[in-house]
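Novice: Sequence plus predicted model, see below.
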Amino acid sequence: MIDVDIAVIGSGSGNGLVTHELADRRFAIIEGGDVFGGTCLNVGCIPTKMYVHVAEVATMVREGGRLGVDATLDRVRFTDVRDRVFAGRIDQIAAAGEAYRRDDTSLELLRGHARFTGPRTLRVDLRDGGTEEVRAGQIVIATGSHASIPEEIAAVAEREDITLHTSDTVMRLPERPERMLVVGGGFIAAEMAHIFSAFGTRVTISARGGELLRHLDDELVEVFTTRAREQWDVRTSTTVTDLRRGGGDVLRRDAGASKEGITATLSDGSDVEVDVVLVATGRAPSTSGLGLDVAGVDVHDDGRVVVDAHGRTTVDGVWSLGDASSPFQLKHVANHEARAVAHNLAHPDDPRVFDHDAVPAAVFTHPQIASVGMTEAEAVTAGVDVVTKVQKYGDTAYGWAMEDTTSVCKVVADRRTGRLVGGHLIGPEASTLIQPLIQMMAFDQPVSQMVRGQYWIHPALTEVVENALLGLDLNPVEDQIESPPRA
Ligand SMILES: Cc1cc2nc3c(=O)[nH]c(=O)nc-3n(C[C@H](O)[C@H](O)[C@H](O)COP(=O)(O)OP(=O)(O)OC[C@H]3O[C@@H](n4cnc5c(N)ncnc54)[C@H](O)[C@@H]3O)c2cc1C
Ligand SMILES: NC(=O)c1ccc[n+]([C@@H]2O[C@H](COP(=O)([O-])OP(=O)(O)OC[C@H]3O[C@@H](n4cnc5c(N)ncnc54)[C@H](O)[C@@H]3O)[C@@H](O)[C@H]2O)c1
């Protein structure tokens, strides 16, 4: 039996709980996965964006002719990229992070799967055999989420002995597939389609809905779905009804040996021949098998742990953060929640809340997308006196330089308060350009102050954002009313 002050289940964002403020507490960190450090580092944000950067370079070469730069792309050396990303960097960082914790005599690092045996006790099935009991004053559930594969697809794949890939495995394929079916129309589908098609793979997307990235503002959905159809074979309003072995030259499960291929039948009756099937149909919180019922920790219908605004679960002394409990499956949100829980463990009498207002997100696809706050439709439903402006990149000086014809920045504001309620960009550098809009919303800055209270560098691409804000038909400043206080 190990006795500690704080036991953390999960080494992703949970690893960040060991702060200076909690230096006098004895921790146990329990990690059951193959690698230390969680999703973002090992199979999520970081490796995907390292691949995305390569995809951007390859795309720039391909598109250079439009600007008078004739260049040809010989090939993307997939295995070299893969080895640089994983062997050269990610795997080393994960191993170093694990070694750092293992060498730290002030904490216990346990490698194994944890489950509750009581409100403050855990049993850990150790990866190298045996079990360990842990008793803790406080327990933090930071177990994240995992790819969820629809049962009907899993069943046909099993019948045919076809390996389905997820984002966990697809970046480590033994070689670049010639043809890939991406199932799903969300974040991962859009990013992986960009990566693999830029690398030279023919990508087909099967999406259940009528459009891709449906959570976005309608204007962006339309632009993106159109651009996606230009780049990939996009089959909207379809599901996968069958998978069979056979379908041309293929990359098979166990080697990279080119064998027989896969034929996927879609619900519209069409067949698609591919080498690899990537399932990107959402991620489920990793909370089953944790014995939460034994501890008395409540969960939502979708499996997320129920937490209050401070990260407390329904059991005293048990906390949760990140994908295991959050309505947002985003690393910057998980990090924010980890900072709040670390503070709350150190200062129980002065707790901090999870701030889920104006949470931004970016999709690193082609074109890039970033969004914060409400869509226009959400703002209308919320009763905002909506005013919008859609600013084309192509109507600004740097947009001329890029000969851009499709990228836009759309801002959604409340006419009466003069405040922004949403900002949405699709185009180059969207994830960077959006930051002033995030800032305005976070600090409740009026549009008038933001747009004319500072310089905007000419002729930088930020003029797209400046012009979008300038184009909003807001009430005159003297007529603007107070914005409602933030929760
Ligand atoms: C392909 C992909 C790309 C992404 N890109 C982005 C991006 O660009 N930007 C962004 O903001 N977000 C991105 N995300 C989302 C982001 O990765 C997650 O929101 C974030 O990593 C969640 O962190 P977490 O700490 O909650 O969970 P995790 O990092 O998943 O950590 C949970 C850990 O708990 C361990 N664990 C689970 N159950 C147990 C148990 N019972 N016992 C012991 N250990 C256990 C797991 O092995 C894991 O290591 C991406 C996700 C994916 C899959
Ligand atoms: N850049 C980023 O910040 C980033 C990148 C990747 C992932 N993520 C996070 O990870 C989460 C998971 O990503 P994701 O792309 O797997 O999920 P998602 O929720 O973004 O998209 C899931 C897609 O699968 C479809 N789908 C769901 N069930 C289906 C079924 N049974 N059959 C067919 N289609 C089905 C949905 O309609 C949707 O199009 C994201 O929601 C996001 O929060 C973030």
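Specialist: All right, it came through fine. Remember, it's a predicted structure, so these values are computed and weren't measured experimentally. Numbers count the residues shown, from 1 in each chain. Ligands and ions are numbered 1, 2, ... in the order given.
Novice: any idea how far the residue of the chain found nearest ligand 2 is from H332?
Specialist: Taking Cβ to the nearest ligand atom, ligand 2 has its nearest neighbour within the chain at G186, 1.9 Å off. Using the backbone N, CA and C atoms, a C-beta is placed for each residue, glycine as well. For G186, the distance to H332 equals 18 Å [Cβ to Cβ, to the nearest Å].
Novice: Of these two, give the one with the bigger neighbour count.
Specialist: Higher neighbour count among G186 and H332: G186, with 19 against 14, using other Cβ atoms under 10 Å.
Novice: Please look at the more buried one and E211 and confirm they touch.
Specialist: No - counting by Cβ atoms under 8 Å, G186 sits too far from E211 to count as a contact (11.2 Å).
Novice: which parts of this protein sit against ligand 1?
Specialist: In this structure, the chain approaches ligand 1 at residues 9-14, 30-33, 38-40, 44-45, 48-49, 113-114, 142-144, 167, 188, 286, 290, 322-324, 329-332, 334, judged by Cβ under 6 Å from any ligand atom.
Novice: Please convert the buried members of these into ChimeraX selection syntax.
Specialist: Filtering the residues of the chain next to ligand 1 down to the buried ones (16 or more other Cβ atoms under 10 Å) takes a single ChimeraX command:
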select :9,10,11,12,13,14,30,31,32,33,38,39,40,44,48,49,113,114,142,143,144,167,188,286,290,322,323,324,329,330,331,334
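Novice: Please list the members of the residues of the chain next to ligand 1 that lie in helices.
Specialist: G38, T39, C40, C45, T48, K49, S167, I188, K331, H332, A334 (DSSP state H).
Novice: now, which of these sits nearest A413?
Specialist: Ranked by distance to A413 (Cβ to Cβ), those are led by H332 at 23.8 Å.
Novice: All the helices of the stretch 351-487 of the chain, in order from the start?
Specialist: Remark: helices assigned in the stretch 351-487 of the chain by DSSP state H, counting those that start in this stretch are 376-381, 397-402, 430-433, 435-442, 447-452, 463-470.
Novice: again with the stretch 201-350 of the chain
Specialist: With DSSP H, counting those that start in this stretch as the criterion, the stretch 201-350 of the chain has helices at 218-231, 292-295, 331-346.
Novice: Of all those, which one comes closest to H194?
Specialist: Taking Cβ to Cβ, helix 218-231 is the member of those nearest to H194, at 7.9 Å.
Novice: The closest one close to ligand 2?
Specialist: No - using Cβ under 6 Å from any ligand atom, helix 218-231 never reaches ligand 2; the gap is at least 11.5 Å.
Novice: Output the below-cut-off pLDDT ranges for the stretch 351-487 of the chain.
Specialist: Scanning the stretch 351-487 of the chain for pLDDT under 70 picks out 484-487.
Novice: so where do the strands sit in it?
Specialist: Ranges of strands in the stretch 351-487 of the chain, per DSSP state E, counting those that start in this stretch, are 361-363, 369-373, 386-392, 408-414, 419-426.
Novice: got the angle for the second one vs strand 419-426?
Specialist: Translated: strand 369-373. With axes from the mean of the first three to the mean of the last three Cα atoms, to 10 degrees as the basis, strand 369-373 and strand 419-426 are set at 170 degrees to each other.
Novice: what helices or strands is strand 369-373 leaning on?
Specialist: Here strand 369-373 touches helix 218-231, strand 361-363, strand 419-426, helix 430-433, helix 435-442, going by 3 or more Cβ pairs under 8 Å, 6 or more residues apart in numbering; DSSP states H and E.
Novice: what lines up beside it in the sheet?
Specialist: Strand pairing for strand 369-373, determined by DSSP bridges: strand 361-363 (antiparallel), strand 419-426 (antiparallel).
Novice: Contacts for the first one, please.
Specialist: Among residues not part of strand 361-363, those counted as contacts by Cβ atoms under 8 Å, 6 or more residues apart in numbering are 187, 190-191, 213, 328, 330, 368-372, 430-431, 434.
Novice: go again using 7 Å as the cut-off
Specialist: Strand 361-363 has contacts (Cβ atoms under 7 Å, 6 or more residues apart in numbering) with F187, A190, E191, L213, L330, Q368, I369, A370, S371, A430, S431.
Novice: swap in the longest one?
Specialist: Strand 419-426 is touched from outside by 216-217, 220, 223-224, 367, 369-375, 379, 384, 407-414, 433-434, 437, 440-441, 444, 446-447, 483, with contacts defined as Cβ under 7 Å, 6+ apart.
Novice: Show the buried residues in the residues you listed.
Specialist: Neighbour-count burial (16+ other Cβ under 10 Å) applied to the contacts of strand 419-426 gives 216-217, 220, 223-224, 367, 369-375, 379, 384, 407-414, 433-434, 437, 440-441, 444, 446-447.
Novice: OK, contacts around R120?
Specialist: Residues in contact with R120 (Cβ under 7 Å, 6+ apart) are R135, A136, I139, G317.
Novice: ah, wrong one, I meant I2
Specialist: Contacts for I2 (Cβ under 7 Å, 6+ apart) come out as A28, E108, E132, V134.
Novice: cool, I141 as well?
Specialist: By Cβ under 7 Å, 6+ apart, the neighbours of I141 are I9, V305, V318, W319, S320, A324.
Novice: for the fifth one, what are its contacts?
Specialist: With contacts defined as Cβ under 7 Å, 6+ apart, the neighbours of S320 are V140, I141, V305, V307, G311, T313.
Novice: Specify the local secondary structure of V52.
Specialist: Judged by DSSP: H, G, I helix; E, B strand; the rest coil, the three-state class of V52 is helix.
Novice: I'd say it and H366 touch.
Specialist: No - contact criterion Cβ atoms under 7 Å: V52 and H366 do not qualify, at 8.9 Å.
Novice: Looking only at neighbour counts, state which of the two leads.
Specialist: Higher neighbour count among V52 and H366: H366, with 24 against 19, using other Cβ under 10 Å.
Novice: Return the distance of the closest residue to the more buried one other than its chain neighbours relative to W319.
Specialist: Spatial nearest neighbour of H366, excluding adjacent residues (Cβ to Cβ, 6 or more residues apart in numbering): H194 at 4.4 Å. The spacing between H194 and W319, counted by Cβ to Cβ, is 36 Å.
Novice: Outline the domain layout of this structure.
Specialist: Per automatic domain parsing, the structural domains of the chain span 2-147+284-346, 151-281, 367-479.
Novice: Turn these into CSV, including distance to A358.
Specialist: Listed next are the domains of the chain as CSV, based on distance: least, Cβ to Cβ, whole Å:
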stretch, distance to A358
domain 2-147+284-346, 11
domain 151-281, 15
domain 367-479, 4
